[in-house]
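Visitor: Model the structure of this input:
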Amino acid sequence: MISIPPKSLAIAQRWLVDHVLRYAPVHPASFAFHPESSPVQAAEQHPNTKWLLKVDIEDFFHSVSEGTVSAIFAWLGFPKLLSFEFARLCTIGLDRGPGKNPAPHKGPIDFYALGYEGILPQGAPTSPMLANLAMLRIDTLLARLAEERGLRYSRYADDLAFSTDADRSLGEMRRLQRDVCAILNDSGFRHNQRKTVIRGPGTRRIVLGMLVDGPMPRLQRAYKDMIRLHLHYLSSPAYGPAKHALARKTGVSSLYHHVRGLIAWAQQVEPAFGQQALEQFASVDWPPIQPRQIESGWDD
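Guide: Okay, here's the model as predicted:
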């Protein structure tokens, strides 16, 4: 669930991002939620992959508690009470009964004694960087484990990847998976079993939607074909944006933003293909396009 904060709260959260969190340390293996980072950079850590382990963290943001956020601000050098108040600004309440609140149950500020424990919401500008900081120690442990096993490690948000361009056995990769999941579980995170997979020779080795079995990340063929198909219908004199949107049961503006987003991603991964697609997209006879609208999920 995405929860966009109201404007007044977003201003305070943005201040914390601009004046505090952007200066906090980030592990070298983390490629999300900090300046100059990108999923392409994460995939570039895994060239010529023969064996790949992908682990997904379940409920990533929601697994970071208010208590953890308070500890992060304290670690950054803020006093205990101010760290707690910053944590309250950056989390959304979740009723878990009495005794789950990092605030004292007795004190002059009655509001702090509520039986609620906050969690990081998806949608707050502070959540991504705080989640990175919550993973800093874990990234260190996982990177050390990968180095000991002769593997490469990267993390993009909740997507962990371990790879090697050398020969390995399925048994070795399964032992790695067991050890990685144990580190996550011991640190308060859970892996998503459905999205945790091992890929070896003869299979498609994909990191963050990109093929990594060669020297550079590549788009999957199906992704490029999807863009080509959109552009075919959009450019067709007999079809065009209106009919294509109608066939997809969506609006023209929504279709515009969707296809433009697909092309933007292609530009990052394969710039030559992406630029060619963008030029064809720009030649389409589009009607006036409405900007995207995102509504707040917080109480104003």
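
Visitor: Run through the strands of the stretch 51-200 of the chain in chain order.
Guide: Per DSSP state E, counting those that start in this stretch, the stretch 51-200 of the chain carries strands over the ranges 51-58, 92-95, 116-119, 152-156, 159-164, 190-191, 197-199.

Visitor: now the farthest one out in the chain, which residue is it?
Guide: Ala238 (39.6 Å; Cα atoms, centre = their mean).

Visitor: What is the subsequent helix or strand relative to the strand or helix carrying Asp225?
Guide: In the assignment (DSSP states H and E), Asp225 maps to helix 221-235. Counting by DSSP H and E, the element after helix 221-235 in chain order, helix or strand, is helix 240-247.

Visitor: burial count for Glu58?
Guide: 16 (other Cβ atoms under 10 Å). The C-beta positions use only the backbone N, C-alpha and C, and glycine is treated the same way.

Visitor: Local confidence estimate at it?
Guide: pLDDT for Glu58: 96.

Visitor: show me what contacts it?
Guide: Glu58 sits next to 158, 189-192 when contact means Cβ atoms under 8 Å, 6 or more residues apart in numbering.

Visitor: For it, give the beta-bridge partners.
Guide: Arg190 (DSSP bridges).

Visitor: measure it to Val180 for me?
Guide: Counting by Cβ to Cβ, to the nearest Å, the separation of Glu58 from Val180 is 14 Å.

Visitor: who touches both of those two?
Guide: Jointly contacting Glu58 and Val180 under the rule Cβ under 8 Å, 6+ apart are His191.

Visitor: need the helix or strand of this protein with the lowest average pLDDT.
Guide: strand 92-95 (a mean of 73; mean pLDDT, DSSP states H and E).

Visitor: domains for the chain, by residue range?
Guide: 27-61+136-211, 220-283 (the TED database).

Visitor: and the first one, how far apart are its ends?
Guide: The first and final residues of domain 27-61+136-211 sit 24 Å from each other (Cα to Cα, to the nearest Å).

Visitor: Show me the helices in this protein, by range?
Guide: All helices of the chain, identified by DSSP state H, fall at 7-19, 39-43, 66-75, 80-90, 127-134, 136-148, 170-186, 221-235, 240-247, 252-269, 271-282.

Visitor: buried residues in the third one?
Guide: The neighbour-count check on helix 66-75 (16 or more other Cβ atoms under 10 Å) flags 66-74 as buried.

Visitor: Now for those: which two are most distant?
Guide: Farthest-apart pair in the buried residues of helix 66-75 is Glu66 and Ala74; separation 12.6 Å (Cβ to Cβ).

Visitor: Can you work out which residues contact both of those two?
Guide: Going by Cβ under 8 Å, 6+ apart, no residue sits against Glu66 while also sitting against Ala74.

Visitor: Filter the contacts of Glu58 down to just the buried residues.
Guide: By neighbour count, with 16+ other Cβ under 10 Å, the contacts of Glu58 hold 158, 189, 191 as buried.

Visitor: Between helix 252-269 and the helix holding Asp225, find me the angle.
Guide: 140 degrees (axes from the mean of the first three to the mean of the last three Cα atoms, to 10 degrees).

Visitor: quick thing: my sequence starts at 96, can you match it?
Guide: New numbering, starting at 96: the last item is helix 316-330.
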